[in-house]
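Trainee: I need the structure of the sequence given here:
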Amino acid sequence: MAKRKRLTPLGPMGAPTPTSAPAGSEPQADSARSVAPIADMAGAASARAALDEVTETLSRARAEGRMVLHLPHDAIQIDYLVRDRIAVDDEEMTALVESLRARGQQAPIEVADLGDGRYGLISGWRRCRALRQLHEETGDDRFASVLALVRRPDQASDAYLAMVEENEIRVGLSYYERARIVAKAVAQGVFDTEKQALQRLFHTASRPKRSKIGSFLAIVHALDGALRFPETVSERLGLSLSRALEDDPSLAPQLRGRLAEAAPKEPQAEQEILAAALEPPAPARPEAEPAPAPDEPRPGVRVSTGKDGRLVLQGPGVDEALKARLLAWLAEG
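Mentor: Presented below is the predicted three-dimensional model:
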């Protein structure tokens with residue numbers, strides 16, 4: 001009988017010997033282990049690139065004033081700029097406080113980075129005051145910080161311009177307040193001359209309006225600090241007062257003295273003092289000509305002549321006998 005040929009050898013315990021796996025059919029786990037270091041490096045590099053991009057974007061946004069920061073009150077220097085607004089209306093301030101209490105801060109203030117965690121206030125003075133007042137009153141953490149945009153004015157003049165433009169748009173400034181910020185900006189060395197400050201700070205104003213602001217500079221120089229309600233000085237009164245101050249250098253000290261003595265408690269009283277100073281003085285009464293010295297033709301009789309032609313005899317010697325003799329003399333012609 002013919003023997004059958006065995007095709008494959010028997011393995012241990014009769015199990016068939018495993019054949020080699022086809023090319024490309026290796027287990028996936030081994031493949032993953034072999035390429036894992038490269039993938040990890042690529043992923044880490046990608047993450048670092050993304051982080052760098054986010055960091056750069058945030059830094060650029062902050063530098064360009066597009067990132068809103070939460071700043072504690074003590075980090076903000078309120079008097080960084082000389083403020084253009086002199087007085088704050090109590091009703092307006094109360095309304096702002098109540099709005100912030102109900103809705104929180106809706107618009108950020110603008111600040112300049114002074115370094116070392118300090119920021120100089122450019123605009124938003126009323127909001128800063130109102131938020132500080134609310135925090136002191138309530139202790140609520142909502143009011144413990146102020147939303148702020150960091151600006152980078154190239155020069156101090158740009159910071160002053162930003163402040164003026166905001167207040168011109170939001171509340172409107174009086175002519176006195178406009179003139180005062182011009183004078184203060186020059187005094188701070190921000191501008192070289194008042195003309196330059198006037199043109200830069202109010203470049204959007206018409207030429208006649210800038211001329212009126214310039215006229216009020218005479219009042220600022222003469223009466224700043226003496227006036228209690230300067231923001232209420234009307235355009236008409238201010239222009240007249242400016243001309244009077246320029247024409248009469250002695251008027252300024254006179255007015256300062258009158259204002260200090262009167263100490264007006266309300267705007268109307270102060271304006272009446274200013275208006276009175278502009279009224280022309282009453283014409284002086286002509287001095288009466290002295291009466292001519294009476295003649296004394298005889299002791300005890302004095303004779304004087306009035307303007308209307310009267311002849312007056314007086315004195316102890318004027319008696320009935322003198323009268324009779326005088327009448328007789330006149331009768332004789």
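Trainee: residues near Thr57, how many?
Mentor: Here the number of neighbours of Thr57 (other CB atoms under 10 Å) works out to 12. For the C-beta atoms, the positions are set from N, CA and C on the backbone; glycine is no exception.
Trainee: looking at it, Pro72 is touching Phe143, isn't it?
Mentor: No - judged on CB atoms under 8 Å, Pro72 makes no contact with Phe143 at a distance of 11.0 Å.
Trainee: Which one's more surrounded, those two?
Mentor: Taking other CB under 10 Å, Pro72 and Phe143 do not tie; Phe143 has more neighbours (21 against 12).
Trainee: so what's the more buried one scoring on pLDDT?
Mentor: pLDDT for Phe143: 95.
Trainee: close enough to count as contact, Ala128 and Asp74?
Mentor: Not Ala; residue 128 is Cys. No - using CB under 8 Å, Cys128 makes no contact with Asp74, being 11.4 Å away.
Trainee: who's more crowded, the two?
Mentor: Remark: of Cys128 and Asp74, Cys128 carries more neighbours, 19 against 9, as counted by other CB under 10 Å.
Trainee: Summarise which helices and strands the one helix or strand the more buried one maps to is packed against.
Mentor: Secondary structure from DSSP states H and E places Cys128 in helix 125-138. Packing contacts for helix 125-138, counted by 3 or more CB pairs under 8 Å, 6 or more residues apart in numbering; DSSP states H and E, involve helix 90-103, strand 145-151.
Trainee: Nearest approach to Asp116 belongs to which of the ones you listed?
Mentor: strand 145-151 (14.2 Å; CB to CB).
Trainee: Okay, now the sheet partners of the closest one, with direction.
Mentor: Take DSSP bridges as the rule and strand 145-151 pairs in its sheet with strand 68-72 (antiparallel), strand 109-115 (parallel).
Trainee: Alpha carbons of the last one, as PDB, please.
Mentor: By that I understand strand 109-115. Output of strand 109-115 as PDB, limited to C-alpha atoms (Å, rounded to 0.1, in the frame of the first residue of the first chain):
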ATOM      1  CA  ILE A 109     -12.400 103.700  31.600                       C
ATOM      2  CA  GLU A 110      -9.100 104.500  29.800                       C
ATOM      3  CA  VAL A 111      -5.800 104.500  31.500                       C
ATOM      4  CA  ALA A 112      -2.100 104.800  30.700                       C
ATOM      5  CA  ASP A 113       0.400 102.200  32.000                       C
ATOM      6  CA  LEU A 114       2.700 103.900  34.400                       C
ATOM      7  CA  GLY A 115       4.700 100.800  35.300                       C
END
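Trainee: buried stuff in that strand?
Mentor: Applying a neighbour-count criterion of 16 or more other CB atoms under 10 Å, one finds Ile109, Glu110, Val111, Ala112 buried in strand 109-115.
Trainee: Return the set of residues that bridge with the last one.
Mentor: Pointing back at Ala112 there. Residues in beta-bridge contact with Ala112 (DSSP bridges): Gly120, Arg151.
Trainee: close enough to count as contact, it and Leu149?
Mentor: No - Ala112 is beyond contact range of Leu149, at 10.5 Å (criterion: CB under 8 Å).
Trainee: quick one on the thing from earlier: reformat the strands paired with strand 145-151 as a markdown table; add distance to Ala222.
Mentor: Output for these, formatted as a markdown table (distance: least, CB to CB, whole Å):
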| stretch | distance to Ala222 |
| --- | --- |
| strand 68-72 | 39 |
| strand 109-115 | 33 |
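Trainee: Quickly, which of those bottoms out on average pLDDT?
Mentor: Across the strands paired with strand 145-151, strand 109-115 gives the lowest mean pLDDT, at a mean of 88.
Trainee: what sits up against that one?
Mentor: Strand 109-115 is contacted by residues 65, 71, 76-77, 80, 119-124, 127-128, 146-153, 159, 162, 166 when judged by CB atoms under 8 Å, 6 or more residues apart in numbering.
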